[in-house]
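K.L.:
fold the stuff below for me.
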Amino acid sequence: MGSFATRGHEIALRLVVRAVVSERPPHALLLAGPDRVGKTTLALDLAAGLLCLAADPQERPCRDCAACRKVAHGNHPDLHRLAPEGAGQQIRVGQVQALSTDLALLPLEGRFRIAVIERADRLNVDTQNVLLKTLEEPPPATVLVLAADETAALLPTVVSRCARVRMGPVASDVIAEMLVEAGATDASRAGALGRLAAGRPGVAFALAARPDATLIHTRLAGALLDLLRQDRRRRLAAHNELLEDAAALAVAAADVVAEVEAAPARERSTRRASPAERRAAAQHLIELWTDVARDVAVAARDGRRELRQYELLDELTAAGANVDAAEMARFVGRLDAAARAVDAYANPELALDALLVEWPRATART
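P.N.:
I've put the predicted structure just below:
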């Protein structure tokens with residue numbers, strides 16, 4: 001078997017292995033799953049396998065041939081990658097039109113032309129309709145891989161023309177092994193990062209690269225737990241501090257728009273946050289908040305072994321003993337709805353204020 005980078009997605013990987021060995025991949029593949037769970041890694045595994053020059057298909061990708069090295073370095077002429085760009089983080093019509101033109105040409109060096117569209121859920125309706133023409137009449141020897149966090153934003157006609165694979169969270173122990181094998185951190189810290197990542201290897205690697213991110217993450221989680229005991233006034237007063245820490249976490253996790261990443265640190269600290277930065281901060285806060293709320297609900301049902309943030313065991317256990325598990329579970333659904341609203345350009349500050357008010361109250365039980 002070839003050398004694949006994907007871990008923890010056995011069913012999805014088997015499909016890719018089959019496509020590589022048979023040299024008969026689907027013309028369009030939709031990979032759906034949480035952000036940074038490994039969708040792009042799997043897509044690049046498929047690309048490397050299909051473009052690898054090893055004589056035996058069973059050995060592809062070999063990771064040693066010229067084609068494999070070009071895929072790894074992002075300069076293979078038959079591999080095209082599209083990603084959201086600009087302040088709105090959208091994939092635009094012009095990008096897809098250029099891609100369709102490239103895919104209509106014969107492969108330059110390999111057996112296929114392969115396109116990977118990251119965050120395909122950022123394709124608007126007009127852009128999807130342009131892409132649909134390529135999906136309906138795919139040129140020979142082309143493979144189009146769409147990686148989407150959510151499929152709800154995709155047109156049914158787009159989804160129906162793709163082979164579909166759902167990628168769920170990766171086990172925390174597998175993530176810990178990945179971190180250690182990659183030399184990203186030591187074994188003692190890898191276990192904690194594996195749990196904090198909530199099944200997403202990309203998050204774990206981002207946290208491993210920035211130790212300060214782990215500290216911010218823990219501080220934010222502790223602050224949210226403390227707010228369970230606070231009244232409405234104190235909760236709303238904590239808004240700015242929570243958002244500032246979440247903004248620092250967003251930068252540390254390298255998940256902000258390119259122009260924010262490129263800005264000097266001194267400039268970022270003195271200027272007013274842009275709408276894109278505020279939205280990224282709110283998204284990170286809601287993401288972490290979801291993990292905290294889930295852990296509180298689990299602790300309320302005496303499920304200590306299932307906790308993701310084990311370093312806050314005492315705080316989570318205390319919170320779980322004083323909240324209604326069903327109410328907390330409902331709040332997790334409220335967080336999910338808020339995340340979708342912020343992603344759809346709802347005002348992030350108003351969304352967070354509403355969540356702070358609705359965050360269940362801890363009531364001492366006798």
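K.L.:
just checking, what packs against the longest strand along the chain?
P.N.:
Counting by DSSP state E, the longest strand found in the chain is strand 142-148. Packing contacts for strand 142-148, counted by 3 or more CB pairs under 8 Å, 6 or more residues apart in numbering; DSSP states H and E, involve strand 28-32, helix 39-51, strand 113-117. Bear in mind the C-beta positions are built from the backbone N, C-alpha and C, glycine included.
K.L.:
using CSV, list the CA coordinates for the first one.
P.N.:
Backbone C-alpha positions of strand 28-32 (Å, rounded to 0.1, in the frame of the first residue of the first chain) are rendered in CSV as follows:
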residue,chain,number,x,y,z
ALA,A,28,-16.2,14.4,-8.8
LEU,A,29,-15.8,13.7,-5.1
LEU,A,30,-17.4,15.7,-2.3
LEU,A,31,-15.6,15.5,1.1
ALA,A,32,-17.8,16.8,3.9
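K.L.:
how many other residues sit next to the nearest residue to Arg361 once chain neighbours are set aside?
P.N.:
Of all residues not flanking Arg361 in the chain, Leu228 sits nearest, at 6.7 Å (CB to CB, 6 or more residues apart in numbering). Leu228 has 21 neighbouring residues, counting by other CB atoms under 10 Å.
K.L.:
before we move on, back to that, list the contacts of the longest strand of the chain.
P.N.:
25-32, 39-40, 43, 46-47, 50, 103, 112-121, 134-135, 138, 154, 158, 162 (CB atoms under 8 Å, 6 or more residues apart in numbering).
K.L.:
show residues contacting stretch 226-236.
P.N.:
238, 296, 319, 322-323, 353, 356-357, 359-362.
K.L.:
show me which pair in the residues you listed is furthest apart.
P.N.:
By the measure CB to CB, Asn322 and Asp353 form the most distant pair in the contacts of stretch 226-236, at 23.7 Å.
K.L.:
which residues of the stretch 151-300 of the chain fall in helices?
P.N.:
156-160, 172-181, 187-196, 201-209, 211-227, 232-237, 239-252, 258-262, 265-270, 275-300 (DSSP state H, counting those that start in this stretch).
K.L.:
what's the closest of those to Lys70?
P.N.:
Using CB to CB, the nearest of the helices of the stretch 151-300 of the chain to Lys70 is helix 201-209, at 22.8 Å.
K.L.:
got the CA positions of the closest one in PDB?
P.N.:
Extracted as PDB, the C-alpha positions of helix 201-209 are listed here (Å, rounded to 0.1, in the frame of the first residue of the first chain):
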ATOM      1  CA  PRO A 201      -6.100  17.200  13.600                       C
ATOM      2  CA  GLY A 202      -5.600  20.600  12.000                       C
ATOM      3  CA  VAL A 203      -6.600  22.300  15.200                       C
ATOM      4  CA  ALA A 204      -4.200  20.100  17.200                       C
ATOM      5  CA  PHE A 205      -1.300  21.000  15.000                       C
ATOM      6  CA  ALA A 206      -2.100  24.700  15.200                       C
ATOM      7  CA  LEU A 207      -2.300  24.600  19.000                       C
ATOM      8  CA  ALA A 208       1.000  22.600  19.100                       C
ATOM      9  CA  ALA A 209       2.800  25.300  17.100                       C
END
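K.L.:
tell me what angle it forms with helix 187-196.
P.N.:
If you take axes from the mean of the first three to the mean of the last three CA atoms, to 10 degrees, helix 201-209 sits at 140 degrees to helix 187-196.
K.L.:
which of the helices and strands packed on strand 142-148 sits closest to Gly199?
P.N.:
helix 39-51 (12.8 Å).
K.L.:
and that closest one, what other elements does it pack with?
P.N.:
Going by 3+ CB pairs under 8 Å, 6+ apart, helix 39-51 lies up against helix 10-22, strand 28-32, helix 66-73, strand 113-117, strand 142-148.
K.L.:
relative to helix 10-22, how tilted is it?
P.N.:
20 degrees.
K.L.:
for helix 39-51, what does the pLDDT average out to?
P.N.:
Mean pLDDT, computed over helix 39-51, is 97.
K.L.:
what distance separates that helix from the centre of its chain?
P.N.:
17 Å (CA atoms, centre = their mean, to the nearest Å).
K.L.:
tell me the domain ranges of the protein?
P.N.:
Following automatic domain parsing, the chain resolves into domains at 10-166, 210-358.
K.L.:
now do the longest one: distance from first to last residue.
P.N.:
Which is domain 10-166. Domain 10-166 stretches 11 Å from its first residue to its last (CA to CA, to the nearest Å).
K.L.:
starting at the chain centroid, how far to that domain?
P.N.:
So, by CA atoms, centre = their mean, the centroid of domain 10-166 is 17 Å from its chain's centroid.
K.L.:
same deal with the shortest one?
P.N.:
Relative to the chain's own centre, domain 210-358 is displaced by 16 Å; criterion: CA atoms, centre = their mean.
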